[in-house]
Each structure stands twice: as C-alpha cells, then as structure tokens.
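> the following block contains a protein sequence and its predicted model.
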Amino acid sequence: MNKAVFYISAIISILLLVNIFQILTNDFERLTEYGFGYLIGKVILFVIFLTFLLLTKKSILKDKETE
C-alpha cells in the first residue's frame, strides 16, 4: 500500500510541478486574480503530495532495513 501511495504521489507531484512551471513561464503576465488563486492552489497541492512522497519514502526505507 505504501509503495502505491509513493508512486502515485511521485507522478502527481511531477505533473503538478510541470503545470506550475508552464503557468509561470507562459502565462504569468496574463494571470488575473482568479488565475493567481489557481496557481496558489496548484502550489498547495504540490506541497501536499510532496509531503506524502517524503512520508512514504521514509516508511519504505524502514521496511527495507528490517528485511
């Protein structure tokens, strides 16, 4: 279960990072107030999934050490 959460979090984190980077490089000048809210929401989701990634990585490493 932890491995599935780890890999899903990794994929979603990478996709969110690419999306954030595209918004910052291509559309930053055209962002409205709602656009900035959308961007901040993406950043918050990226931080949440990155946290899941780090937490599950620690538990996966502990499982490998005990084997």
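Looks like it came in fine.
> all helices of this structure, in order?
Along the chain, the stretches classed as helices by DSSP state H are 2-26, 33-66.
> what angle separates the shortest one from helix 33-66?
This means helix 2-26. Using axes from the mean of the first three to the mean of the last three CA atoms, to 10 degrees, the direction of helix 2-26 lies 150 degrees away from that of helix 33-66.
> pull out the buried positions in helix 2-26.
Val5, Phe6, Ser9, Ala10, Ile12, Ser13, Leu16, Ile23 (16 or more other CB atoms under 10 Å). For every residue, glycine as well, the C-beta is placed using N, CA and C.
> reformat those as a markdown table; add distance to Thr56 and pLDDT.
Formatted as a markdown table, those follow (distance: CB to CB, whole Å; pLDDT from 0 to 100):
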| residue | distance to Thr56 | pLDDT |
| --- | --- | --- |
| Val5 | 5 | 86 |
| Phe6 | 4 | 88 |
| Ser9 | 7 | 91 |
| Ala10 | 9 | 93 |
| Ile12 | 13 | 95 |
| Ser13 | 12 | 95 |
| Leu16 | 17 | 97 |
| Ile23 | 27 | 94 |
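> out of those, which comes closest to Leu61?
Ranked by distance to Leu61 (CB to CB), those are led by Phe6 at 10.5 Å.
> contact partners for the closest one?
Phe6 is in contact with Leu53, Thr56, Lys57, Ile60, counting by CB atoms under 8 Å, 6 or more residues apart in numbering.
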